[in-house]
Every structure is written in structure tokens, then in C-alpha cells.
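got a predicted structure plus its sequence, pasted below:
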Amino acid sequence: MAAVRPIRPAPPEPVGLHAQAMDNLRFIRSTMESAGSFTAVPGRGGMVMGATALFAAFAARLSANSRDWLLIWMAEAVLAVAIGLAFSYRKAMQNSTPLLSKPFRRFVLGVAPSVFAGALLTMVFHQGGFNHLLPAMWLLLYGAGITSGGAFSVRVVPVMGMSFLALGTVATLAPAKFADPLLALGFGGIHIVFGWIIARRYGG
């Protein structure tokens, strides 16, 4: 005997409202992440980075030779990166946003070429005995990287990058004896000032 089949197929089970809402939230979050800006810029972290740079400038001023001077600033650079990442992660967690978002990756890609060029030229300049050119080069490349990466961040970040570019321009014309004061003003002072602005306007 043939099986009895309904004339009309049974309607599919309705999708639950909770599942629909979760899908909509995922879509909205993905869209905002793609079009948004990197907002986990660490304001307080920038201030801490500036404070450590002031100590580094003081220690470098008292260093015995150019090798020790360079090692102090290299250690400061590594410490600053660690501080920046730690405070960025903390701010991202507080805002319930992923740190490794598209805006963050774009920010890193904007900064990375200048950091790579700076590291390579630092080695070349030091081996060639051109340590007096390093402060200007660091300030200029750091400013260029922050300005480029800042295009994917809050508006004040590119302004900070341009401030480093301006100070780097001054450093190219200044006598070598002003190297550490200019580095203190840049990596110390500018970081502290803009870190305070970011913390006040954008939190963290």
C-alpha cells in the first residue's frame, strides 16, 4: 500500500527570535568593525610611555659611551611597545571590543613600515658611526608611522604624529648636544600631553 503524503509540504520550523537577534548583532558588529576606527589607543599607557622615556633620556645623558646610550634607548623602545600593547588590551577589554580588529590591523600596518625602517637604519647608522643622526631619524620615522596609522584611529592620533614630525625636523638642524633633550621632549613630553588628551576624551 502506498504511503500517504500531504498535498502541501510542511512549513519549515520558524527561526527563533534569539537566533535572529544574534545573527543581526554579529552582522552589525562585523560592519562597524570594518568601517570603524581603532579606538583602543591607550591614553594612560601613552602617559606611562612618556614617563619611562623621560627616565631613559636622563639615563642616556649620563651614559659612558655611544654603545651604552644606544642600548638605553633600545631598551626604552621595547618597554614602550610592551606598555602600549598592555594598555591597549586593557582598554579593549573594558570596552568589550576585540583588540585584533580590522582597524587595529590597519593601524599596525600603517606604523610597521616606519618601525622596520627605523630598526634597520639604527643598525646601519650605529655601525657607521652616525649616532648623532639617530634622534632625528627616530622622531621623523615614528611621526610618519603614527601619522599613517592614525588615519585608522581617533582624530588626535595623526596630530600627535605630525607633532613628532615637526620635532624631528627641528632635530635634524639642532646640534648633537640637544639629542637627549629633544628625545625627552618627543617620546616623553608629546606622549604625556597627547596621552592625557586621549585619556580625557576617549577614556583609557
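Done, it's in.

only C-alpha atoms for contact and neighbour calcs from this point on.
Will do.

the biggest helix by length in the chain - contacts with which helices or strands?
When the chain is parsed with DSSP state H, its longest helix is helix 66-94. When contacts are defined as 3 or more CA pairs under 8 Å, 6 or more residues apart in numbering; DSSP states H and E, helix 66-94 sits against helix 43-61.

okay, the angle between the helix it packs on and helix 66-94?
Put simply, helix 43-61 runs at 170 degrees to helix 66-94, going by axes from the mean of the first three to the mean of the last three CA atoms, to 10 degrees.

need the CA coordinates for helix 43-61. PDB is fine.
Presented in PDB, the C-alpha positions along helix 43-61 are these (Å, rounded to 0.1, in the frame of the first residue of the first chain):
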ATOM      1  CA  GLY A  43      45.800  57.300  26.800                       C
ATOM      2  CA  ARG A  44      47.100  56.400  30.200                       C
ATOM      3  CA  GLY A  45      49.500  54.000  28.500                       C
ATOM      4  CA  GLY A  46      50.900  56.900  26.400                       C
ATOM      5  CA  MET A  47      51.500  58.800  29.600                       C
ATOM      6  CA  VAL A  48      53.300  55.900  31.200                       C
ATOM      7  CA  MET A  49      55.400  55.500  28.000                       C
ATOM      8  CA  GLY A  50      56.200  59.200  28.200                       C
ATOM      9  CA  ALA A  51      57.300  58.900  31.800                       C
ATOM     10  CA  THR A  52      59.600  56.000  31.100                       C
ATOM     11  CA  ALA A  53      61.100  57.900  28.100                       C
ATOM     12  CA  LEU A  54      62.000  60.800  30.500                       C
ATOM     13  CA  PHE A  55      63.900  58.400  32.700                       C
ATOM     14  CA  ALA A  56      65.600  56.900  29.600                       C
ATOM     15  CA  ALA A  57      66.600  60.400  28.400                       C
ATOM     16  CA  PHE A  58      68.100  61.100  31.800                       C
ATOM     17  CA  ALA A  59      70.000  57.800  31.900                       C
ATOM     18  CA  ALA A  60      71.200  58.200  28.400                       C
ATOM     19  CA  ARG A  61      72.500  61.600  29.200                       C
END
